[in-house]
Each structure stands twice: as C-alpha cells, then as structure tokens.
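**Q** Whatever this is, show me its structure:
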Amino acid sequence: MFQHFIYIIVALLIFLTYPSPTASNFSIFDSLLMFFGIKLFFALTVAAQFKRLERAALMVSPGTSLSNLDMAFDKAVDRQSVVALMLYATDIYFLNLPVFAKTIPYISRFETLIAAFFLALFIAHLVIIWAVSYKAYQAIYKSDFTRKSYILSNISMRVPMLLPWLAISTITDLISLIPFVPVRVFLESPFGQTIYIVTIISVAILTAPLIIQKFWNCRPLENNFARSRIEELCKDAGVGYRDILYWPIFGGRMITAGVMGVVARFRYILVTDALFEYLNQDEVDCVIAHEIGHVKKYHLIFYLAIFISFQIILLSMHLDKTAVFMLLAQPFLPFSPDSNFLITYYSQIFLFILCFVLYFRYVFGYFMRNFERQADTYVYSLFNSGVPLITTFEKIVTASGMDPAKPNWHHFSIKERVDFIRECEHDRSRIKAHDRKLNKSIAAFVITIVGFVCALNFFYYSGRTERLLETLMESAYIAQAKKKPNEATPLLYLGSYYFDKKEYEKAGATLEKALLIMEPKNVEVVTLAGQAFFETKNYFKAEKYIKTALAMTPGNPELINSLAWLYATSEDSTYFRPKAALPLAQKAARLSPSSHILDTLAEAFFVNGMYRKAYEIEKKILTMRLVHNRDHYVKQAEKYKAAADRIGIELD
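**A** This is a model prediction of the structure:
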C-alpha cells in the first residue's frame with residue numbers, strides 16, 4: 001500500500017511539472033491510436049506474467065507454503081507499477097495528451113480538473129494490473145471475493161491519499177478567481193503560499209477521516225459484545241472517538257484493524273469481519289490495544305508533522321537555485337546555455353522527486369517501523385501479557401500464506417515483531433528502552449529539521465546563495481564562450497547575464513562582440529546592447545544600436561520611446577536634443593500609451609519647457625490601474641511641479 005502512495009505522488013508530480021507546449025507532437029487521432037496500442041501491449045505483457053504465477057500457485061501441493069509466490073506476486077505488482085509510471089509519463093511528455101485536454105471548454109480553466117483526469121488515467125494503468133493479476137492473487141491467497149471487489153478495494157485504499165492535494169489545488173484555482181488583488185497577491189507570495197498550504201494540509205488531514213470512511217463504505221459496528229469490549233478498552237485508555245466501524249477492505253477478509261483521525265471528533269476505530277472470525281477475544285483485545293497505542297503515543301500527530309516538515313524543507317531549499325548549483329558545480333557536466341532553462345527545469349523535477357522518495361522511504365519509513373513496534377508494546381499498558389498478539393501474527397501468516405520474514409520498509413517483518421514481543425515478555429525493560437530510543441530519534445529529527453531549515457534560509461536571505469550562484473553562472477558562461485569563440489550564443493547569454501546584474505559595461509562589450517559574429521542580427525540583442533550602452537552613458541553607441549534596431553522594426557513604439565528618452569535625458573550636450581525628443585515621444589505614445597511611454601512624453605514636454613503638459617501627463621499616469629514603479633512617477637510629478645513653481649506657474 002505504501003509503495004503505491006509513492007507511485008501516486010510521483011504520478012502527480014509528473015503531471016504538475018509538465019511544461020505544456022502549445023502544440024502536440026502528433027494529431028489527436030495519432031496520439032489516441034498510439035495510446036490504446038501501448039495500453040493493449042501493456043495489458044497483454046502483464047497478463048502473461050501473472051498467468052505464469054497463477055499456474056505456479058495451482059501446481060503447489062496442498063499444505064505447502066506459498067511464501068515464495070507471495071513475494072514474487074508483490075515484486076511483480078511493484079515492477080509493473082513502475083512500468084505503469086513510465087507509460088503514464090509517455091502519455092504526458094511524448095503523446096502530449098494534456099495539450100488536447102486543455103482545448104476542452106470550461107475544463108481548461110481549472111487545472112485541478114485536468115490534473116484529476118490525468119491522475120485517473122494513472123489509476124487506470126493500475127487497474128489494468130489489478131484486473132489481470134486477480135486470478136494469480138486468488139490462487140496464491142485462496143481469496144473468495146470477486147475481481148470487482150479486488151479492484152475496488154485497491155482503488156479505495158489509494159485514492160484517499162490525494163485528498164490533501166485535491167483540497168490545496170482546488171483552493172489555488174479559486175484564489176486565481178479572487179477579484180480583490182491584494183488578497184490574491186498575498187496568497188501567491190512565498191509566505192502566503194506557506195500559510196495556506198500548511199493550513200489546508202492540516203485541515204484536510206484533520207477532517208479527511210470523515211470523508212474517507214464514507215468513501216470506503218464503512219458501516220457502524222452493531223451493538224454487541226465486540227463493540228462493548230472495544231468501547232470499554234478505549235474508555236480505560238482514555239481514548240475518544242467518533243464511531244467504531246466495519247472496514248470492508250478487500251471484502252473484510254483481511255485480519256486487521258485500524259485507527260484514523262488526529263482529533264477525537266473525527267477519529268474512527270476500524271475493524272474487519274475477519275478480525276472477529278479468526279481471532280479469539282484476547283487476540284482481538286491486543287489488536288485494539290495496538291491501535292489505541294497509536295493514539296496514546298501521538299503517532300498520528302507526528303505523521304502530520306512529518307508531512308508539514310517536508311513542505312517547509314522544500315520551500316527552504318529553493319529548488320530553482322539548488323538545481324542550478326547541482327549543474328554548475330559539476331565541472332565534468334558540460335553546461336549548454338542553449339538548454340539552460342530546460343536543464344534547470346528538469347533538474348528541479350529530479351530533485352523534487354529524489355527528495356520526496358528519500359524523505360518518505362527513509363525518514364518516514366524509519367518512524368513508521370518504530371511506531372508500529374511501540375504500538376505493539378502498548379499492549380503491556382492494558383494487559384499483563386502480549387502472547388495473544390503473537391498468536392494473532394501467527395494466524396495472519398497462516399491465513400495469508402506470507403513469509404513471516406518478508407522484509408518491509410514501513411513495518412518490521414512479522415518475525416521481527418514477534419521476536420521483539422517475546423523479548424518484552426521476558427524483559428519489560430525492553431519497552432522503556434524502545435521508548436527512549438524513539439524519544440531521542442524524535443528530538444534528533446526536530447533539531448535536524450529546525451537547524452537545516454534555519455541554515456538554508458540564512459544562506460539564502462543573507463545573499464550568500466545568490467552570490468555563489470552568480471559566481472557559478474558567470475564562470476559557466478565564460479567557460480562556454482571560450483570553448484566556442486566563433487559562436488554568438490554563449491556571448492548572448494553572458495551579455496544578458498551581465499545586463500540582469502546591472503553590470504552594463506560588461507554587458508555592452510559582450511553583446512557587441514556577439515553582434516559582430518551574429519548573422520543575421522537579432523533585433524532584441526541589438527536593442528539590449530543599446531540599452532546597456534545608454535546605462536553607461538555611451539550615447540554614441542546607444543544611439544547607433546537603437547537606430548539600427550528601429551531600422552529593423554520600423555514603427556516599434558518601444559524603440560521610438562527609447563530614442564526619445566535618450567534625446568530627452570542625455571547628459572552629453574551632443575545628444576541632448578529636446579526638439580527631436582518631443583515628436584518621437586508623441587509618436588510612441590500614439591502607438592502605445594502605456595505608463596512608461598507616457599512618462600517619456602512627459603519628460604519630453606518638460607525639457608521643452610511645457611511644464612503644465614508634463615505635469616498633467618504624469619498625474620494621468622498615477623490614475624492608471626496596476627501601475628508599477630509608482631514612486632518614480634510621483635517623483636517625476638513633483639519635479640515638474642517644482643520647476644513650474646520656480647517660474648511662478650501654478651499647476652494645481
């Protein structure tokens with residue numbers, strides 16, 4: 001079950017990290033033809049594998065252990081689940097099926113609906129595995145429930161894992177529809193995202209049991225001795241709950257029980273029919289005591305803390321920066337500026353999935369195994385002996401045919417659990433020793449997480465991370481430019497990098513070198529070179545490149561505006577040309593009356609002595625919606641008003 005938790009989360013990540021091109025590699029007919037062809041081939045190959053396991057199970061003599069076939073069956077399901085993940089990734093990244101989904105009216109507006117559809121597609125891959133493996137499952141485990149029950153039980157055990165994501169994603173979609181901009185901006189900020197993600201995860205996990213028990217079609221345990229006994233045990237232990245329910249997992253044929261819910265108001269005790277059918281009363285009592293142990297030792301709360309901690313760690317790691325570090329810090333890995341974005345993007349995906357798998361496989365797995373052992377030992381808090389729990393495990397082995405030594409990353413094997421209980425029977429100090437071990441582990445976990453998060457955020461917000469990244473990026477770009485001296489592309493990336501860092505002299509010189517090599521010239525590069533030279537007050541080259549770009553794209557309002565701004569603000573008298581600036585600024589404003597272009601027009605009026613017009617335009621800009629850099633426009637208006645005041649002109 002827990003392996004499938006990881007598979008489903010990875011499937012979700014595969015979809016959420018899809019860059020979504022505007023067009024598919026194939027037509028919808030070709031994509032669907034390949035889709036169904038691949039699925040048919042997958043179904044046939046999976047069926048052949050499980051058919052061999054079914055024949056092997058039917059050939060085993062009565063009374064012979066099927067533990068080897070049990071392990072072979074589990075491995076086959078896991079192996080085919082990984083193949084299903086690969087095929088699902090093929091549907092997304094190769095066949096580009098999301099491109100077609102986003103053309104569906106209404107649905108395309110809500111990412112959650114599209115994601116839910118494609119997660120259902122991955123579940124469909126798993127359904128193929130469950131459907132064709134049913135006969136083998138039946139032969140190995142001597143099951144008497146139908147194929148339909150087997151498939152539905154598997155689905156019902158896995159789909160609830162997605163409830164926290166579904167809640168977060170749905171609210172995210174709704175946030176995008178909020179008309180009140182400040183609220184939306186806050187919730188889309190890193191701090192706002194942290195607040196609402198942690199809140200929604202917490203609320204979802206707290207209330208999820210109410211929904212899950214309905215999804216599983218649980219029903220209340222009738223008023224009888226079994227219910228009265230469970231109620232008595234919970235009362236003696238001081239454990240509250242909402243209800244005691246029958247758990248129809250796999251037709252109720254599994255000898256198991258469970259508890260879900262962090263708070264009593266939404267907590268349910270779950271039992272199966274097989275629990276009462278195969279176990280005597282003492283054994284049932286020990287199983288319930290085990291579940292009570294999870295509550296009394298706060299295991300469910302700690303699981304919630306582990307989930308939230310993972311989210312905080314990811315936010316603190318700043319994976320966009322970490323991905324670049326991972327690439328640039330490796331001298332053996334050739335850095336290609338052409339593929340910089342894609343390399344970084346897919347590295348983020350790789351890091352995210354790697355962190356997720358390692359964290360839950362080893363950190364979460366470690367605590368799960370030891371919490372299960374601690375819950376086993378809680379039996380001694382209510383009873384004098386744990387022997388009935390040992391006999392329960394023995395009956396589970398007999399009924400299921402599993403190998404008691406079968407390894408498990410989230411539980412100790414049945415043999416290990418039985419051996420530990422036997423040790424506790426003879427030496428009760430082993431219980432306290434295990435509790436101390438867990439307390440130390442929890443303390444180490446908290447200290448490590450807090451220290452790790454604080455260190456990451458200190459390095460990030462102190463600027464050390466950014467400076468290291470800049471050094472690595474600059475070194476990589478320079479190395480690439482030296483490696484390919486006759487290519488313009490490395491120089492373009494290096495020049496753009498310098499421009500973004502506001503190192504305009506280096507940017508201008510580098511871009512100029514690129515333009516000497518580049519054929520044909522790129523108007524955006526020419527424009528950027530002109531802007532870089534303007535910032536260094538090299539007005540000769542700034543004018544040259546802006547005019548060159550304007551000749552390449554006549555009527556471009558941005559370029560006309562740049563030339564007007566140069567003539568209106570130049571500190572070199574040779575290029576300070578107010579008379580030339582005004583008609584250029586007026587033309588640019590007619591073509592595109594955006595705030596920064598109107599600001600140039602206001603400056604052109606100002607340098608031509610038309611203070612009132614300059615002031616009126618600046619005031620107009622300040623009334624526009626969603627104006628960025630508002631402080632600049634306020635200062636401009638104040639400058640024009642002060643100039644007018646000096647010559648006795650009242651503007652207000």
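**Q** elements contacting the helix or strand hosting residue 137?
**A** Secondary structure assignment for residue 137, by DSSP states H and E: helix 111-141. Packing contacts for helix 111-141, counted by 3 or more CB pairs under 8 Å, 6 or more residues apart in numbering; DSSP states H and E, involve helix 2-16, helix 28-58, helix 67-93, helix 97-101, helix 147-158, helix 163-175. For the C-beta atoms, the positions are set from N, CA and C on the backbone; glycine is no exception.
**Q** Please work out the angle formed by the directions of it and helix 147-158.
**A** In terms of direction (axes from the mean of the first three to the mean of the last three CA atoms, to 10 degrees), helix 111-141 departs from helix 147-158 by 130 degrees.
**Q** what angle separates helix 111-141 from helix 2-16?
**A** Angle of helix 111-141 versus helix 2-16, following the same axes, to 10 degrees, is 150 degrees.
**Q** tell me the angle helix 111-141 makes with helix 67-93.
**A** For helix 111-141 against helix 67-93, the angle by the same axes, to 10 degrees is 160 degrees.
**Q** now helix 111-141: mean pLDDT?
**A** Helix 111-141 shows a mean pLDDT of 88.
**Q** what's the offset of stretch 505-516 from the middle of its chain?
**A** Distance of stretch 505-516 from its chain centroid, counting by CA atoms, centre = their mean, to the nearest Å, is 39 Å.
**Q** same thing with stretch 258-267?
**A** Relative to the mean C-alpha coordinate of its chain, stretch 258-267 is positioned 27 Å out (CA atoms, centre = their mean).
**Q** likewise stretch 242-261?
**A** Relative to its chain's centre, stretch 242-261 lies at 31 Å (CA atoms, centre = their mean).
**Q** Kindly report the same for stretch 290-303.
**A** How far stretch 290-303 lies from its chain's middle: 27 Å, per CA atoms, centre = their mean.
**Q** The nearest residue to residue 382 once chain neighbours are set aside - how many residues pack around it?
**A** What sits nearest to residue 382 in space, not counting adjacent residues and going by CB to CB, 6 or more residues apart in numbering, is residue 289, at 4.8 Å. Residues near residue 289, counting by other CB atoms under 10 Å, number 25.
**Q** for residue 289, what are its contacts?
**A** Residues in contact with residue 289, defined by CB atoms under 8 Å, 6 or more residues apart in numbering, are 233, 237, 378, 379, 381, 382, 383.
**Q** Then residue 39?
**A** Residues near residue 39 by CB under 8 Å, 6+ apart: 87, 125, 128.
**Q** most neighbours, which of those residues?
**A** residue 125 leads the contacts of residue 39 on contacts (other CB under 10 Å) with 23 neighbours.
**Q** I'd say that one and residue 88 touch.
**A** Yes. Using CB atoms under 8 Å, residue 125 is in contact with residue 88, at 5.8 Å.
**Q** if we can go back for a sec, now the buried members of the contacts of residue 289.
**A** Buried by 16 or more other CB atoms under 10 Å: 233, 237, 378, 379, 382, 383, out of the contacts of residue 289.
**Q** Please identify the helix or strand for residue 241.
**A** If you go by DSSP H and E, residue 241 is not part of any helix or strand.
**Q** quick one: contacts for it?
**A** 234, 259, 261, 264, 267, 268, 269.
**Q** what's the burial count for the last one?
**A** The burial metric for residue 269, expressed as a neighbour count using other CB under 10 Å, is 26.
**Q** Tell me how far the closest residue to residue 572 other than its chain neighbours lies from residue 26.
**A** In space, and not counting its chain neighbours, residue 572 is closest to residue 539: 5.0 Å by CB to CB, 6+ apart. Distance, residue 539 to residue 26, using CB to CB, to the nearest Å: 53 Å.
**Q** for residue 440, same thing?
**A** Distance, residue 440 to residue 26, by CB to CB: 57 Å.
**Q** who has more neighbours, those two?
**A** Using other CB under 10 Å as the criterion, residue 440 and residue 26 rank with residue 26 on top: 17 against 10.
**Q** List the contacts of the nearest residue to the more buried one once chain neighbours are set aside.
**A** Among residues not flanking residue 26 along the chain, residue 95 sits closest, at 6.7 Å (CB to CB, 6+ apart). The contact partners of residue 95, taken as CB under 8 Å, 6+ apart, are 24, 25, 26, 31, 34, 35.
**Q** let's see it at 7 Å
**A** Residues near residue 95 by CB atoms under 7 Å, 6 or more residues apart in numbering: 26, 31, 34, 35.
**Q** pLDDT wise, what is residue 23 at?
**A** You'll see residue 23 listed with a pLDDT of 65.
**Q** One more: residue 601?
**A** Residue 601 carries a pLDDT value of 94.
**Q** With residue 384 as the reference, measure out to it.
**A** Computed as CB to CB, the residue 601 to residue 384 distance reads 91 Å.
**Q** Could you list the buried residues of the helix holding residue 137?
**A** Within helix 111-141, the residues scored as buried using 16+ other CB under 10 Å are 111-116, 118-119, 121-123, 125-141.
**Q** Stretch 476-495 now?
**A** Of the residues in stretch 476-495, those buried (16+ other CB under 10 Å) are 476-477, 480-481, 487-495.
**Q** Save those as CSV, and put in distance to residue 207 too.
**A** CSV is the format used below for those (distance: CB to CB, whole Å):
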residue, distance to residue 207
476, 48
477, 51
480, 53
481, 57
487, 58
488, 58
489, 53
490, 54
491, 57
492, 53
493, 49
494, 53
495, 54
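**Q** farthest pair in the residues you listed?
**A** In the buried residues of stretch 476-495, two members sit farther apart than any others by CB to CB. They are 476 and 488, at 17.0 Å.
**Q** In stretch 299-315, which residues are buried?
**A** 299, 300, 302, 303, 304, 305, 306, 307, 309, 310, 312, 315.
**Q** Which ones among the residues you listed lie within helices?
**A** Secondary structure from DSSP state H places 299, 300, 302, 303, 304, 305, 306, 307, 309, 310, 312, 315 of the buried residues of stretch 299-315 in helices.
**Q** Pull the most distant pair out of the residues you listed.
**A** The span of those, defined through CB to CB, is set by 299 and 315 at 25.3 Å.
**Q** pretty sure residue 99 is in contact with residue 26, am I right?
**A** No. In this structure, residue 99 is not within contact of residue 26 by CB atoms under 7 Å, at 9.8 Å.
**Q** of the buried residues of stretch 299-315, closest to residue 52?
**A** Proximity of those to residue 52 (CB to CB) peaks at residue 303, which lies at 38.2 Å.
**Q** how much space between the closest one and residue 202?
**A** Distance, residue 303 to residue 202, using CB to CB: 12 Å.
**Q** With residue 256 instead?
**A** In terms of CB to CB, residue 256 sits 27 Å off from residue 202.
**Q** roughly how far apart are residue 439 and residue 239?
**A** Distance from residue 439 to residue 239, by CB to CB: 21 Å.
**Q** typo on my end, residue 632
**A** According to CB to CB, residue 632 stands 63 Å off from residue 239.
**Q** Compare the two and say which one has the larger neighbour count.
**A** Neighbour count, other CB under 10 Å: between residue 632 and residue 239, residue 239 has more, with 19 against 15.
**Q** if I pick the more buried one, what's in contact with it?
**A** Neighbouring residues of residue 239 by CB under 7 Å, 6+ apart: 292, 295, 296.
**Q** low-scoring stretches of the stretch 301-450 of the chain, by residue?
**A** Across the stretch 301-450 of the chain, residues meeting the criterion (pLDDT under 70) sit at 317-349.
**Q** where's the spatially closest residue to residue 530 that is not a sequence neighbour, which helix or strand?
**A** In space, and not counting its chain neighbours, residue 530 is closest to residue 545: 3.4 Å by CB to CB, 6+ apart. Using DSSP H and E, the element containing residue 545 is helix 539-552.
**Q** And whichever helix or strand comes after that helix, what does it pack against?
**A** Note on helix 539-552: by DSSP H and E, the next helix or strand toward the C-terminus is helix 557-569. Applying 3 or more CB pairs under 7 Å, 6 or more residues apart in numbering; DSSP states H and E, one finds that helix 557-569 makes contact with helix 523-535, helix 539-552, helix 578-591, helix 595-607.
**Q** now the angle between helix 578-591 and whichever helix or strand comes after the last one, please.
**A** Read it as helix 595-607. Of the helices and strands lying after helix 595-607 in sequence (DSSP H and E), the nearest is helix 611-623. When the same axes, to 10 degrees is applied, the directions of helix 611-623 and helix 578-591 differ by 30 degrees.
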